[in-house]
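A.B. asks: Predicted structure and sequence below. I'll ask about it afterward.
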Amino acid sequence: MTAVPHATAVLAGPTTAGELDAAVGAAHRAFEQARLADPHRRAGWLEAIAAGLEQDAAGLVQTAVAETHLGTARLEGELKRTVFQLRLFAAEIRLGEHFDATIDHADPNWPMGPRPDLRRYNVPLGVVGVFGASNFPFAFSVMGGDSASALAAGCAVVHKAHDAHAGLAARTARTVIDALEGAGAPSGLFSMVTGRQAGEALVDHPQVKAIGFTGSTAGGRALLDRIAARPEPIPFFGELGGINAVFVTGRAWAARRADILAGYAASFTLGMGQFCTKPGLLFVPAGQADDVRRELAQALAGFTPARLLSPRLHDGYCDAVSRLRDTDGVDVLVEGDFAEEPAPTVLLTTADEVRKNPELLRQEMFGPASLVVAYDDESGLPDLAGLLEGQLTTTLQAEADDDVAALAARLADISGRVLWNGWPTGVTVSYAQHHGGPYPATTSATTSVGTAAVRRFLRPVAYQDFPADRLPEPLQDSNPWQVPQRVDGVWQRPSGAAAGVVATQEDKQ
């Protein structure tokens, strides 16, 4: 086993091509050892990382506050979510269900003709490159969902740090590496690189077998195209953004307009509108613009603006809002500004305008701004939803006896999570969670949040007529790892298997 010194695992300056190659090579060697570890040992590595992050929580949060302009309470909650997620994944892989171990014994009387002995289970992909996000410096960064789920799957991780919080990334990476070392994990199982050159080389490296990314549509698309140009294209699990449209029925609007507008105002400004689940579109009945303007102004009266995450994001926000505001058919409903700590902006257009120019529905404003679309005919909402691109979330604000079956079906076609009378800026980490959606929301049909995220970094392998003593442990009849097995079509769970239950922890995204 070749050790990777901490100086190369966490680099102070931009990573050179040679250093990147060394980090990936070490990760591959670590993967070849880690893939043989049983689920309990691998779970122990995740729990060691969780404990290490908890131990350095005060220092990590202090560093994050200085770099991100986010408040202490928000960052403490995000770190808590990150630690919880690691422990949830540890419990999940101890159960062993992610292996999907399936055994078909040889059967000379099988209706399709004699069946050989076939056994299939999921194996980890290999080295995974993970690109950190700027808007969640803990939950979607160094040891966020992509890194945690890849390690849980049995992969090695080379993390590309986001330059918006470089100091925090380095401190977090050192904590992770120290924790893994203390837990006896193979050296090089996790490392961090920095700089655009390293990011490009990471995507191109032949020993990298998948990429995880959370960021902008433009950045994600550039990576997707680069991956497609590789001699060996690899899976790209990219979360690129979304508008997260909200549709309000006429009856819901009449019954609780003020409450809906108050919830909308709180949701699209949460975290200064820098959540990927921010509601960027609100479809409401037409004819009440003055009342809506007044009630929105009241709902936003107590809002305290803050700086955006970086000057680059601030510039992008100003440009996006200006371009949409200056488009024909768009009016200003609530006047904001482009100060260093920008006040919220709400724009207004009509259903007729978006039918003429669907691009109005596809302009993401990453910050505290949103677009209201006034419609005249509720029966046309499914067709308006059909103008949308893929979404992470869509929301229905409706009454119990509203007939919204056609609209709900259309929303399910275009989004990964559909909400009823709620707001999308709450993404709990749990078993049934799905955080994804059709392109351009994401580039795959998988989730980046919740226990199902582990399966992104696995692939199935079948063994035919292998000698019993040469089969991987999850496929042996003796089942030494005590994982669930589907044997000749019937699922069997070992008696005394761990329940794997962890209390849920909700966080905002």
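C.D. replies: Cool, got the structure. Residues are numbered from 1 along each chain as shown.
A.B. asks: and the strand or helix carrying residue 94, what does it pack onto?
C.D. replies: Per DSSP states H and E, residue 94 falls inside helix 72-95. In terms of contacts (3 or more CB pairs under 8 Å, 6 or more residues apart in numbering; DSSP states H and E), helix 72-95 is packed against helix 39-55, helix 57-68, helix 145-153. Where you see a C-beta, it was placed from the backbone N, CA and C, and this is true even at glycine.
A.B. asks: what pairs with whatever helix or strand comes next after that helix, and is each one parallel or antiparallel?
C.D. replies: Per DSSP H and E, the first helix or strand lying C-terminal to helix 72-95 is strand 101-104. Take DSSP bridges as the rule and strand 101-104 pairs in its sheet with strand 118-124 (antiparallel), strand 485-487 (parallel).
A.B. asks: what about this structure, any weak spots by pLDDT?
C.D. replies: Within the chain, the stretches with pLDDT under 70 are 1-12, 496-509.
A.B. asks: Which residue ranges make up each domain of it?
C.D. replies: The record's domain parsing of the chain by automatic domain parsing lists 9-240+444-457, 245-420.
A.B. asks: wait, which of these is closest to residue 429?
C.D. replies: Nearest of the domains of the chain to residue 429, taken as CB to CB: domain 9-240+444-457 at 5.0 Å.
A.B. asks: sorry, back to before: mean neighbour count, the helices and strands packed on helix 72-95: which tops it?
C.D. replies: Stretch with highest mean neighbour count among the helices and strands packed on helix 72-95: helix 145-153 (a mean of 29; mean count of other CB atoms under 10 Å).
A.B. asks: Now the most centrally placed residue in the chain: which helix or strand?
C.D. replies: Averaging the C-alpha coordinates of the chain gives a centre point, and the residue nearest to it by CA atoms, centre = their mean is residue 448 (3.7 Å). Under the criterion DSSP H and E, no helix or strand holds residue 448.
A.B. asks: circling back: could you list the buried residues of the helix holding residue 94?
C.D. replies: 74-95 (16 or more other CB atoms under 10 Å).
A.B. asks: do the same with stretch 384-399
C.D. replies: Using 16+ other CB under 10 Å as the test for burial, stretch 384-399 gives 384-385, 387-398.
A.B. asks: Give me the subset of these that lies in strands.
C.D. replies: Mapping those onto strands (DSSP state E) picks out 391-397.
A.B. asks: export those residues to CSV and tack on distance to residue 193?
C.D. replies: Formatted as CSV, those follow (distance: CB to CB, whole Å):
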residue, distance to residue 193
391, 32
392, 28
393, 32
394, 36
395, 38
396, 43
397, 44
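A.B. asks: what's the farthest-apart pair in the residues you listed?
C.D. replies: So, these by CB to CB: farthest apart are 392 and 397, at 17.6 Å.
A.B. asks: Can you check the distance spanned by stretch 66-73, start to finish?
C.D. replies: End-to-end span of stretch 66-73 (CA to CA, to the nearest Å): 14 Å.
A.B. asks: roughly how far is it from the heart of the chain?
C.D. replies: Relative to its chain's centre, stretch 66-73 lies at 21 Å (CA atoms, centre = their mean, to the nearest Å).
A.B. asks: contacting residues around that stretch?
C.D. replies: The contact list for stretch 66-73 (CB atoms under 8 Å, 6 or more residues apart in numbering) reads 61, 64-65, 75, 137, 164-168, 271, 306-309.
A.B. asks: Buried only: go through those for me.
C.D. replies: Using 16+ other CB under 10 Å as the burial test, the contacts of stretch 66-73 include 61, 64-65, 75, 137, 164-165, 168, 271, 306-309 as buried.
A.B. asks: Out of the residues you listed, which is nearest to residue 484?
C.D. replies: Residue 484 lies nearest to residue 137 out of the buried ones among the contacts of stretch 66-73, by CB to CB, at 36.4 Å.
A.B. asks: thought the closest one was touching residue 65?
C.D. replies: No - here residue 137 lies out of contact with residue 65, judged by CB atoms under 8 Å, at a distance of 10.0 Å.
A.B. asks: and for the two, which residues touch both?
C.D. replies: In contact with both residue 137 and residue 65: residue 75, using CB under 8 Å, 6+ apart.
A.B. asks: Confirm residue 417 sits in a strand?
C.D. replies: Yes - remark: residue 417 belongs to a strand, assigned using DSSP: H, G, I helix; E, B strand; the rest coil.
A.B. asks: Relative to residue 105, how far out is it?
C.D. replies: According to CB to CB, to the nearest Å, residue 417 stands 40 Å off from residue 105.
A.B. asks: Neighbour count: these two, which is higher?
C.D. replies: Per other CB atoms under 10 Å, whichever of residue 417 and residue 105 has more neighbours is residue 417, with 22 against 12.
A.B. asks: Now residue 86: closest residue in space that isn't a chain neighbour?
C.D. replies: Leaving out its chain neighbours, the residue that sits closest to residue 86 by CB to CB, 6 or more residues apart in numbering is residue 50, at 4.1 Å.
A.B. asks: what's the distance between that neighbour and residue 37?
C.D. replies: For residue 50, the distance to residue 37 equals 17 Å [CB to CB].
A.B. asks: One more: residue 410?
C.D. replies: Taking CB to CB, one finds residue 410 at 45 Å from residue 37.
A.B. asks: circling back: and the angle for the helix holding residue 94 with helix 145-153?
C.D. replies: 20 degrees (axes from the mean of the first three to the mean of the last three CA atoms, to 10 degrees).
A.B. asks: quick one: helix 72-95 to helix 57-68, angle?
C.D. replies: Going by the same axes, to 10 degrees, helix 72-95 makes 120 degrees with helix 57-68.
A.B. asks: going forward, begin numbering at 6 instead of 1
C.D. replies: Understood, numbering begins at 6; the last thing we discussed is helix 77-100.
A.B. asks: between helix 77-100 and helix 44-60, how many degrees?
C.D. replies: Orientation check (the same axes, to 10 degrees): helix 77-100 against helix 44-60 gives 170 degrees.
A.B. asks: quick one: helix 77-100 to chain centroid distance?
C.D. replies: How far helix 77-100 lies from its chain's middle: 14 Å, per CA atoms, centre = their mean.
A.B. asks: Okay, now stretch 112-129: how far is its last residue from its first?
C.D. replies: Start-to-end span of stretch 112-129 (CA to CA) is 30 Å.
A.B. asks: Mind listing what's buried along that stretch?
C.D. replies: Neighbour-count burial for stretch 112-129 flags 123-127, 129 (criterion: 16+ other CB under 10 Å).
A.B. asks: Next: stretch 327-343.
C.D. replies: Across stretch 327-343, burial judged by 16+ other CB under 10 Å covers 329-330, 335, 338-339, 341.
A.B. asks: Residues contacting it, please?
C.D. replies: Contact partners of stretch 327-343, identified using CB under 8 Å, 6+ apart, comprise 294, 297-298, 301-302, 305, 319, 322-323, 326, 347-355, 358, 361-362, 365, 368, 370, 373-374, 376-377.
A.B. asks: how long is it from one end to the other?
C.D. replies: First residue to last in stretch 327-343 (CA to CA) measures 10 Å.
A.B. asks: Repeat that for stretch 135-149.
C.D. replies: With CA to CA, one end of stretch 135-149 sits 9 Å from the other.
A.B. asks: Repeat that for stretch 274-290.
C.D. replies: The first and last residues of stretch 274-290 sit 22 Å apart, counting by CA to CA.
A.B. asks: Which among the helices and strands packed on helix 77-100 is found nearest to residue 263?
C.D. replies: Smallest distance to residue 263 across these (CB to CB): 33.5 Å, for helix 62-73.
A.B. asks: tell me how far that closest one is from the chain's mean position?
C.D. replies: Its chain's C-alpha centre and that of helix 62-73 lie 22 Å apart, by CA atoms, centre = their mean.
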